[in-house]
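Novice: model this:
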Amino acid sequence: MMAGLLMAVSSASAQNVTLPRVSPTATLTQTLGLTQVTIVYSRPQANDRKVWGGLVAYDGKPWRAGANENTTISFSDDVTVEGKALEAGTYGLHVMAAEEEVTIVFSSNSTSWGSFSYNPKEDVLRVKVKPEACEHRELLTYDFVDFDPTNGTGTCALSWGKQRVAFNIAPADLHASVIANAKNELRSLPGFSWQGWHSAARYCLNNNVELEQGLAFVNRSMQGGFGAQANFTNMQTKSAILAKMGKDAEAAEIMKKAMQVATNAELNAYGYQHLQGGNHDKAIEIFLLNTEKNPEDPNVWDSLGEGYATRMAEGDKKLAIKAFKKSLSMNPADNVKQNSMKHLKKLGVN
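Specialist: I've put the predicted structure just below:
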């Protein structure tokens, strides 16, 4: 009786303890744009064996793209792989290898053991790529070998032996996901400061997308509610958005108001922005306003001198010399003093 009981217990609990694996498990996680891509796989070694065309046979049959259980790949958002749409989720990853072309398979079944129970009816996506030569990789490795942060794309590569198989991944709609995420985050702590709303507006402006939404973001940054604050920074952003929308008169009006509330440093930086962009007249206009608002600061006179010295229209040489001398008469900081003296020397004044 006791022997029968022991056999029953043994049969019911026939589970091995966890031991180190010959092909250890690894996880790769990479963010593309705002999309998190995670690959979980096991890493076999080449061990002087022929990998491609050997361990990975050129027989058209699926290979688990790793060792042991399914290799899985997860996407937190909808993506495209090699330009083909793939919904957010976790997929079993398989490879069908040939000498000149490799088919990468994304299966809805991500919980099987390897490719032994692979069923083509569970395929969600197949893409074909060309294999590439690479330096020998003893351990099978997944990594991201290329990025384009502008559009959130990346190239993922499976490397083993002297060959790698790479495929491109991109967010399905980067701008839409960023703006949707911004709206959600602005319901929490970022929404309690003008900077949170402003950063969302700048994204729309810098990428020239959803400008109406960008305008709504910047308006919220400037007015109404806890943390709102109209200042030079968000007013300048509003002006730039309005200009991109073709509303030049409104853009000019808001910028006029912005310069009235700008600090000394903000006006100075704004003037140099125009000066470096070749808009000398606008730069001088801004520098002159700064001398009116901050007449006791030698730096504003030095900047005005640079504006005239750069434009060099009729009469500008005289005005530049006058501004630089004015700056020097006010006991400026060493860097301002050196700049004024350098420009005066260029203008023939010793």
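
Novice: could you pull out the strands for the stretch 251-350 of the chain?
Specialist: With DSSP state E, counting those that start in this stretch as the definition, the stretch 251-350 of the chain shows no strands.

Novice: next one: the chain
Specialist: 25-32, 35-42, 71-75, 79-81, 84-86, 89-97, 102-107, 123-129, 132-148, 153-171 (DSSP state E).

Novice: quick one: strands adjacent to the second one?
Specialist: When pairing is defined by DSSP bridges, strand 35-42 lines up against strand 25-32 (antiparallel), strand 71-75 (antiparallel).

Novice: helices of the stretch 251-350 of the chain, start to end?
Specialist: Taking DSSP state H, counting those that start in this stretch, the helices of the stretch 251-350 of the chain run over residues 264-276, 280-293, 298-311, 316-328, 334-346.

Novice: list the contacts for Ala65?
Specialist: The neighbours of Ala65, taking Cβ atoms under 8 Å, 6 or more residues apart in numbering as the test, are 41, 71, 93-95, 104, 158. To be clear about C-beta, it is placed using only N, CA and C from the backbone, and glycine gets the same treatment.

Novice: and the residue nearest to His198 when sequence neighbours are not counted, how close does it get to Lys282?
Specialist: Nearest residue to His198, sequence neighbours excluded (Cβ to Cβ, 6 or more residues apart in numbering): Ser221, at 4.4 Å. As defined by Cβ to Cβ, to the nearest Å, Ser221 lies at a distance of 25 Å from Lys282.

Novice: of the two, who's got more company?
Specialist: Using other Cβ atoms under 10 Å as the criterion, Ser221 and Lys282 rank with Ser221 on top: 29 against 16.

Novice: which residues touch the more buried one?
Specialist: By Cβ under 8 Å, 6+ apart, the contact list for Ser221 reads 194-198, 201, 228-229, 234.

Novice: quick check: domain ranges of the chain?
Specialist: Taking automatic domain parsing as the reference, the chain has its domains at 21-172, 175-346.

Novice: could the ones you listed go into TSV alongside distance to Gln15 and mean pLDDT?
Specialist: TSV is the format used below for the domains of the chain (distance: least, Cβ to Cβ, whole Å; pLDDT from 0 to 100):
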stretch	distance to Gln15	mean pLDDT
domain 21-172	15	94
domain 175-346	42	94
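
Novice: quick one: which two of the contacts of Ala65 are the most distant?
Specialist: Tyr41 and Ile104 (13.4 Å; Cβ to Cβ).

Novice: shared neighbours, these two?
Specialist: The contact sets of Tyr41 and Ile104 overlap at 65, 93 (Cβ under 8 Å, 6+ apart).

Novice: centre-most residue in the chain?
Specialist: Centroid-nearest residue in the chain: Pro149, 4.2 Å away (criterion: Cα atoms, centre = their mean).
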